[in-house]
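J.: Take a look and give me a structure for this.
(one chain, ligands or ions: 5)
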Amino acid sequence: MTTSILKTLLVPVFIVAMTLPAFSGDKSYESSLVCANCHEDNYRNWKGSLHALSYSNPIFQTAYRKAYTETKGSAKKYCLNCHAPTVSITGDYDVELPITTEGVTCDFCHTVAKIDLDKKDGPFHSEPGETKRSVLENAESPHHKTAYSKDFAGSKLCAGCHSFENRHGVKVGDTYNEWLRSPYANEGKECQNCHMKEIDGKTAIERGREKIHDHSLSHNLSTMTDSVTVKITHVEKTAKRIGVSLDITNEKIGHSVPTGTPARKLVLEVRTHNAKGAVIETLSKEYRKIVVNADGDEIQSDGDVFLYGVKITEDNRLKPKETRSEKFILSRKTGSVASVSAELFFQYEPVVTERTLMKIPLFSSQSIVK
Ligand code: HEC
Ligand code: HEC
Ligand code: HEC
Ligand code: HEC
Ligand code: HEC
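T.: Numbers count the residues shown, from 1 in each chain. Ligands and ions are numbered 1, 2, ... in the order given. The predicted structure follows:
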């Protein structure tokens with residue numbers, strides 16, 4: 001196990017902010033702390049995002065150390081291309097430069113000059129240096145040159161990292177293609193329209209405009225709640241059973257739900273209750289993608305899936321705008337059933353040092369049984 005990984009873990013981003021009024025002419029990546037001098041709001045926003053944490057977060061670090069050890073180090077050429085993408089130019093696969101620990105950092109994205117999705121091992125052509133690119137017209141900066149690039153308004157900028165096939169040809173995460181096949185792609189609703197909405201903030205101190213794009217990726221409880229809904233459509237009661245029909249709909253998510261690595265799932269729980277509201281019986285159903293290894297065993301951890309996933313054996317996730325009708329038959333103590341309820345959770349079990357269960361309620365629905 002490399003000491004450099006441990007070292008960078010123990011000494012995270014303690015880089016002292018530098019005063020850098022003019023660009024040095026150097027063709028290397030600049031730290032996000034340099035940008036923070038002027039782009040305070042974009043910086044604060046990004047700093048709390050999973051992009052800023054894509055290298056340093058403990059879930060990735062745990063998986064990366066395991067992958068690194070098991071592949072005798074060769075995983076570094078693979079994992080870091082997305083989790084610390086500046087390495088593709090700096091070649092710092094042993095993580096000796098502070099910029100590497102900044103993960104998906106400002107200067108990586110804002111120096112992307114060309115995107116070629118057919119180049120599987122390196123779709124981004126990044127040109128670190130003086131010119132910073134994005135979608136502002138007539139931007140002028142005392143620190144760097146600017147260039148307008150339409151690419152920053154489109155999903156292709158995200159695709160290079162958010163669609164990935166591992167070396168066994170398994171589409172471990174396929175968010176971009178899920179989106180591409182959805183009605184949102186036809187409507188021109190790109191990743192940025194949902195994940196980088198316009199919010200209040202200054203594009204730069206002093207001469208900035210009053211709106212910025214949300215660099216925190218809008219990934220939070222408020223965007224998740226109600227994004228998938230459940231409606232009980234019919235309840236039938238006989239002497240021996242209660243039949244509950246319901247519709248589950250992916251209302252607001254622009255790709256399959258859940259998307260990304262397979263450790264994420266939706267769990268739907270349907271219950272019968274007695275007159276006092278106590279639960280009599282619970283049935284549940286999961287929506288997820290199952291990936292197996294060469295022995296046919298289901299892979300539980302995110303990191304392993306990148307290395308060892310050989311086949312997707314099941315995928316019943318909800319596609320964008322899809323409504324699926326389900327029926328549950330409950331049969332315990334039907335005589336005393338007074339109501340039924342349905343509840344939906346987003347569940348994620350990342351491996352940190354031990355498995356950690358995260359269960360986030362998304363929706364619930366109730367119905368009285370007559
Ligand atoms: C000394 C201040 C300063 C520093 C340091 C600075 N910028 Fe800027 N930047 C500006 C100003 C001012 C603008 C113009 C804002 C406007 O027009 O609304 C700008 C514009 C931009 C734009 C918009 C370009 C376009 O054409 O759409 C990007 C992207 C950008 N900066 C990225 C960065 C990044 C990345 C860093 C750090 C590596 C950085 N900037 C460092 C002041 C700075
Ligand atoms: C250079 C690679 C790269 C690019 C480009 C990139 N991402 Fe990411 N993104 C990542 C990585 C790696 C993570 C996971 C970080 C982690 O959890 O360790 C991530 C995480 C996310 C998450 C949070 C996922 C979660 O599990 O909560 C969202 C949302 C997201 N990215 C959206 C976008 C959007 C939208 C774009 C395009 C504007 C984009 N990303 C561009 C690499 C990238
Ligand atoms: C995953 C790639 C990515 C990263 C990382 C990233 N940006 Fe951006 N940035 C974008 C995109 C995409 C836009 C344009 C969004 C749109 O048009 O919807 C943008 C827009 C901007 C703009 C123009 C003003 C605005 O908000 O629209 C500035 C300035 C900027 N970013 C600075 C930064 C700084 C500073 C950092 C780091 C603290 C950073 N960005 C990190 C992708 C990124
Ligand atoms: C129509 C809106 C919409 C579009 C378009 C969209 N997303 Fe999402 N996305 C969501 C919502 C809502 C969520 C769930 C809330 C959350 O996790 O932030 C989500 C979740 C995610 C997650 C986190 C998944 C998880 O389970 O933790 C990632 C990663 C992501 N989106 C990436 C992308 C990328 C990349 C694109 C473009 C190819 C994209 N999204 C397009 C709305 C959208
Ligand atoms: C092609 C880009 C890409 C490569 C290569 C890649 N990842 Fe990721 N990884 C992502 C993105 C994007 C996410 C977050 C969103 C998702 O699940 O789609 C992610 C999520 C993860 C997560 C979950 C992190 C969290 O915070 O929830 C772990 C763990 C992880 N990756 C480990 C690895 C390991 C270990 C490797 C190498 C064996 C690797 N990844 C290679 C793009 C990549």
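J.: Name the next helix or strand following the worst-scoring helix or strand of the chain on mean pLDDT along the chain.
T.: Averaged element by element with mean pLDDT, DSSP states H and E, the chain has its least confident helix or strand at helix 3-10 (a mean of 32). The C-terminal neighbour of helix 3-10 among helices and strands, as given by DSSP states H and E, is helix 32-36.
J.: any idea how far that following helix is from the chain center?
T.: 24 Å (C-alpha atoms, centre = their mean, to the nearest Å).
J.: Okay, strands next: where are they in the stretch 251-370 of the chain?
T.: 264-273, 279-287, 289-292, 311-315, 323-330, 339-348, 358-368 (DSSP state E, counting those that start in this stretch).
J.: Include mean pLDDT, mean neighbour count and distance to ligand 5 when you put those into a markdown table, please.
T.: From N, CA and C alone the C-beta is placed, and that goes for glycine too. A markdown table is the format used below for the strands of the stretch 251-370 of the chain (pLDDT from 0 to 100; neighbours: other C-beta atoms under 10 Å; distance: least, C-beta to the nearest ligand atom, whole Å):
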| stretch | mean pLDDT | mean neighbour count | distance to ligand 5 |
| --- | --- | --- | --- |
| strand 264-273 | 96 | 21 | 7 |
| strand 279-287 | 98 | 15 | 16 |
| strand 289-292 | 96 | 21 | 11 |
| strand 311-315 | 96 | 13 | 15 |
| strand 323-330 | 98 | 14 | 22 |
| strand 339-348 | 94 | 19 | 7 |
| strand 358-368 | 74 | 14 | 10 |
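J.: got a markdown table for these, with distance to ligand 4 too?
T.: Shown next, in a markdown table, are the strands of the stretch 251-370 of the chain (distance: least, C-beta to the nearest ligand atom, whole Å):
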| stretch | distance to ligand 4 |
| --- | --- |
| strand 264-273 | 4 |
| strand 279-287 | 12 |
| strand 289-292 | 11 |
| strand 311-315 | 15 |
| strand 323-330 | 16 |
| strand 339-348 | 7 |
| strand 358-368 | 9 |
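J.: is it possible to export those to JSON lines including distance to Lys66?
T.: Below are these laid out as JSON lines (distance: least, C-beta to C-beta, whole Å):
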{"stretch": "strand 264-273", "distance to Lys66": "19"}
{"stretch": "strand 279-287", "distance to Lys66": "25"}
{"stretch": "strand 289-292", "distance to Lys66": "17"}
{"stretch": "strand 311-315", "distance to Lys66": "21"}
{"stretch": "strand 323-330", "distance to Lys66": "35"}
{"stretch": "strand 339-348", "distance to Lys66": "18"}
{"stretch": "strand 358-368", "distance to Lys66": "20"}
